[in-house]
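J.: just coords:
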């Protein structure tokens, strides 16, 4: 007979698996079963406790895994997200732990009609890997929303022997008003390395600025985004050896622009499209364009199937690849078909 | 005070721990606290969502661990099982991920009265390790049951640079009719290795065929199984250095036969026995016999205690060991006593 | 809409994160976001099944993690605790797996007003690391309570080629009577090493004896503890290179004494204080004193904030550091502030 467990925790997650077919890289024609094509497969534990007076305690612990092999994230049990903190209706939220950067939240929540997933993922060309996505040892503060505006600020301690080495700070200003959703985000990372017993390596800072907006016209929802990325590691190339034996160096000065749209089709379908242009401002001028189209069909609120295709045109030795939410990709063209189940 | 968590997921698992005493190997007399003697200790998360019209979305994520030390599976977070898919009452189920082979399901569900556990585990002599148990990157399709028959088919992508290198396919035909339960399973693995940048190593295929049946005579349930295993890695030896300093080579051509029985004793007890003969068809002719007896006592539907003993006779340098569900074993005799709790 | 999951398992845990500032070590001034300052961050799964007649089956599986980075315990999935067993109201409990030592339970549950957490943790000077905290492959037996007394006994199998190499046994006698809580614990570890194929290394045993008591005077609760630690690894130094390039050797003969108190302040506050003296009986005579004060404020039964400070005086080259529940510490002074949420 069944018993109901007493608990102050909610288990949630996504299991996403599909077939990915990639073309155009030096690896040749690649066909594989992949995990996390639309949304990275994950399982999490979260809770909220009402402390009275508009104050709550919150926590969230989230593991990533590959649904196709069962392998967990190499970098740790709850490396996707891990935080605890207090949320006040009047004063905002203060959380500590491993958390998304305001920059990445802006990219996924506002800029990209593919929400960083499928072949059309904005991560293929925008700066969105490693420390640009989430950082450990961070304190985040988010204001309540006033007249449609809110601010999110983050400071991540470097925890190196030189006090500010490796520290990262981010801030975003969000505005929501009916059909309009806009956000301006800035990220600044100190790239210095101060290992114990070794001389400090002083590097330039990485600066990223992103403006993103979308507008719901009902028959179609339009998306626009523009980012400026300066400094070392400001915009790493996801797979710098996809086309060449030696790695292509990432640009330290680039701009990226996106225009896109989603449109409901019938009751359950959504058509998604985007065009992204990466403009390299360095002498090598390794620009790239991506054109992507996708379709998602909702079998229910929690389960959907998807199909997508994207194609990148790399110029003057650029090395950008069509990946998806969980993979960097191996070529300049990719096709996806799969299923995503949310629980 | 207690709150009930909202969730679309069920947590389930087994915690199994006991004492294992092994004799006859070069390690001498070994006594240890072990995990997973009857069933490998595990914890899993699974869910089913009704999509209407006889269609459901399903997922399952399962971790293995050692209850005696707390250590998790080396090979990954959900390396036991990890899949997502759709189940239709009329059209069958289609799932993607890391899944059991139809061959192994036949061994555990139909062939072995010990269900691959305790000292008498059929895994001691039958082919049941590594890729013979479960494979990643697989697509599984299972038909509904028609007149007692159903078919399960599996294809696992090798994901190597040569398209079919490492691919594995399996199929089983099951028949159930009242007291009779029969299954025929076939597994075929391409042993080629195509590492990036290296010449392809072409190997022979591994072929495994297993026929298994059991029949419930009420006072006793009889078991029979016969397998034919041909090709490299078609029947790996679980512990090839148990008796010798250098590893004993696995046979590339062997047959294995089992006869066994279970019998209820009183209301809560079950007596289990089996005899297995491994027939090596190579020149070395390294045959082996295993005789095993076990007893399980149900304290409830979810909790039982067990005791078991098995003895293997290795001929002409064969190196088979009495293990259990989670361990390969270190000698040709072993005794188990323990407790299994299912949640 | 929400569904309630059927389950025989309860999920529980603690997420604890804060700021830690350390001074006085060779690493200099260290400021960091830390996890587990008051209680190590953890998530666990446990269950109890009533088998009738006063008998129950129990299990518990507990993972540790760093809330600040999301990284899990290096030593295994459920390395904090992992056991299964039977509990009888009349005959006591018998459990198998990875479990706390009776010695460590006495330290945390009875001896230390800081309950091994915050800057004042008794672990800074008492023997409480590695095998002194929890051991794998152990059988634990705990009697029911008779007239306020109960006994807990533990035996951990070494699982080495020499039968008793690495085995550990522990026992405690507890007495509870109204405001009085007293416990006497003993731990004995065989330090022999018997690696396969190598000669056995015979070492002296480690012996630890701890007496602890606390008494609730209502306005204040007083704590006293005294331990005697003899033999190799009987009292390892948590960070033996905190002040020096070469590691300071741990004493093989020391006594440690604690006096402490907790006092309720207002409805939700608790003041905590302790003084610990480590008395090294070896020729080097590396004594140390720790003075600690802390304050915890309960926002609810499940959520609290804390602040603490401790200072150690190391004598004649002693190398003790002010750590906290999850960290060994880097200096002889530390300040903590943070939040602890229990679910």
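T.: Thanks, I have it. Small disclaimer: the values here were computed from a predicted structure and weren't measured. Numbers count the residues shown, from 1 in each chain, chains lettered A, B, ... in the order given.
J.: Could you give the separation of stretch A:181-189 from the chain centroid?
T.: Stretch A:181-189 sits 13 Å away from the centroid of its parent chain (CA atoms, centre = their mean, to the nearest Å).
J.: Now do the buried residues in that stretch.
T.: If you call a residue buried by 16 or more other CB atoms under 10 Å in any protein chain shown, then stretch A:181-189 has these buried ones: A:181-189. Quick note: C-beta positions are derived from backbone N, CA and C, even for glycine.
J.: Around chain B, which positions in the stretch 201-343 of chain A sit nearby?
T.: Where the stretch 201-343 of chain A comes near chain B, counting by CB under 8 Å from any CB of the partner chain, the residues are A:299-300, A:302-303, A:338-339, A:341, A:343.
J.: need these in JSON lines with neighbour count, can you?
T.: Converted to JSON lines, those look like this (neighbours: other CB atoms under 10 Å in any protein chain shown):
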{"residue": "A:299", "neighbour count": "19"}
{"residue": "A:300", "neighbour count": "16"}
{"residue": "A:302", "neighbour count": "16"}
{"residue": "A:303", "neighbour count": "23"}
{"residue": "A:338", "neighbour count": "25"}
{"residue": "A:339", "neighbour count": "24"}
{"residue": "A:341", "neighbour count": "25"}
{"residue": "A:343", "neighbour count": "22"}
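J.: ok, what's across the strand from residue A:272?
T.: When assigned by DSSP bridges, residue A:272 has beta-bridge partners residue A:262, residue A:294.
J.: from what I can see it touches residue A:306, true?
T.: No: the criterion here is CB atoms under 8 Å, and residue A:272 misses it with residue A:306 at 9.0 Å.
J.: anything in contact with each of these two?
T.: Shared contacts of residue A:272 and residue A:306, defined by CB atoms under 8 Å, 6 or more residues apart in numbering or on different chains, comprise A:118, A:294-296.
J.: wait, residue A:45 sits on residue A:9?
T.: Yes: here residue A:45 reaches residue A:9: they are 5.1 Å apart, a contact under CB under 8 Å.
J.: what residues do the two have in common as contacts?
T.: Taking CB under 8 Å, 6+ apart as the criterion, residue A:45 and residue A:9 both touch C:11, C:13.
J.: any idea how far residue A:253 is from residue C:282?
T.: 63 Å (CB to CB, to the nearest Å).
J.: Name the residue of chain A with the shortest distance to chain C.
T.: residue A:77 (2.8 Å; CB to the nearest CB).
J.: For that residue, list the residues it contacts.
T.: Counting by CB under 8 Å, 6+ apart, residue A:77 makes contact with A:63, C:63, C:65, C:70-73.
J.: Provide the partner residues of the nearest residue to residue A:163 once chain neighbours are set aside in its beta bridges.
T.: Nearest non-adjacent residue to residue A:163, counting by CB to CB, 6 or more residues apart in numbering or on different chains: residue C:31, 7.5 Å away. Residue C:31 forms beta bridges with residue C:21, as assigned by DSSP bridges.
J.: list the contacts for residue C:31?
T.: Applying CB under 8 Å, 6+ apart, we find residue C:31 in contact with A:157, A:163, C:19-22.
J.: So how do I select the buried members of those residues in ChimeraX?
T.: The following ChimeraX line selects those of those that are buried, judged by 16+ other CB under 10 Å:
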select /A:157 /C:19,20,21,22
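J.: Quick one: the contacts of residue A:77 as a markdown table, columns for neighbour count and secondary structure too.
T.: Formatted as a markdown table, those follow (neighbours: other CB atoms under 10 Å in any protein chain shown; DSSP: H, G, I helix; E, B strand; the rest coil):
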| residue | neighbour count | secondary structure |
| --- | --- | --- |
| A:63 | 25 | strand |
| C:63 | 25 | strand |
| C:65 | 27 | strand |
| C:70 | 28 | coil |
| C:71 | 20 | coil |
| C:72 | 24 | strand |
| C:73 | 20 | coil |
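J.: of these, closest to chain B?
T.: The shortest approach to chain B among these belongs to residue A:63, at 6.7 Å (CB to the nearest CB).
J.: That closest one touches residue A:80, doesn't it?
T.: Yes: between residue A:63 and residue A:80 there is a contact at 6.5 Å, judged by CB under 8 Å.
J.: any shared contact partners between those two?
T.: Common contacts of residue A:63 and residue A:80, defined by CB under 8 Å, 6+ apart, comprise A:42, A:44, A:73.
J.: what subset of these is also close to chain B?
T.: Of the residues in the shared contacts of residue A:63 and residue A:80, proximity to chain B by CB under 8 Å from any CB holds for residue A:73.
J.: Columns pLDDT on top of the shared contacts of residue A:63 and residue A:80, output as CSV?
T.: What follows is the shared contacts of residue A:63 and residue A:80, written out as CSV (pLDDT from 0 to 100):
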residue, pLDDT
A:42, 97
A:44, 96
A:73, 84
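J.: With respect to residue C:56, which of the shared contacts of residue A:63 and residue A:80 is nearest?
T.: Nearest to residue C:56, judged by CB to CB, of the shared contacts of residue A:63 and residue A:80 is residue A:44 at 30.8 Å.
J.: how close does the closest one sit to residue A:343?
T.: Using CB to CB, residue A:44 is found at 10 Å from residue A:343.
J.: Which neighbours do the two have in common?
T.: Counting by CB under 8 Å, 6+ apart, the contacts common to residue A:44 and residue A:343 are A:11-13.
J.: Strands - which of the residues you listed land there?
T.: A:11-13 (DSSP state E).
J.: list the buried ones in stretch A:15-35?
T.: Using 16+ other CB under 10 Å as the test for burial, stretch A:15-35 gives A:15-25, A:27, A:30, A:32-35.
J.: hang on, I meant stretch A:199-219
T.: Applying 16+ other CB under 10 Å to stretch A:199-219 flags A:206, A:208-214 as buried.
J.: JSON lines for those residues, including pLDDT, distance to residue A:229 and secondary structure?
T.: Shown next, in JSON lines, are the buried residues of stretch A:199-219 (pLDDT from 0 to 100; distance: CB to CB, whole Å; DSSP: H, G, I helix; E, B strand; the rest coil):
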{"residue": "A:206", "pLDDT": "96", "distance to residue A:229": "8", "secondary structure": "strand"}
{"residue": "A:208", "pLDDT": "97", "distance to residue A:229": "5", "secondary structure": "strand"}
{"residue": "A:209", "pLDDT": "97", "distance to residue A:229": "8", "secondary structure": "strand"}
{"residue": "A:210", "pLDDT": "98", "distance to residue A:229": "9", "secondary structure": "strand"}
{"residue": "A:211", "pLDDT": "98", "distance to residue A:229": "13", "secondary structure": "strand"}
{"residue": "A:212", "pLDDT": "98", "distance to residue A:229": "14", "secondary structure": "strand"}
{"residue": "A:213", "pLDDT": "98", "distance to residue A:229": "19", "secondary structure": "strand"}
{"residue": "A:214", "pLDDT": "98", "distance to residue A:229": "21", "secondary structure": "strand"}
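J.: hang on, isn't residue A:95 packed against residue A:85?
T.: Yes: assessed by CB under 8 Å, residue A:95 is found in contact with residue A:85 at 3.1 Å.
J.: Need the residues touching each of these two.
T.: Joint contacts of residue A:95 and residue A:85 (CB under 8 Å, 6+ apart) are A:58, A:140.
J.: quick revisit: tell me the most packed of the shared contacts of residue A:272 and residue A:306, by neighbour count.
T.: Highest neighbour count within these: residue A:118, with 31 neighbours (other CB atoms under 10 Å in any protein chain shown).
J.: Quick one: end-to-end length of stretch A:63-74, please.
T.: One end of stretch A:63-74 sits 10 Å from the other (CA to CA, to the nearest Å).
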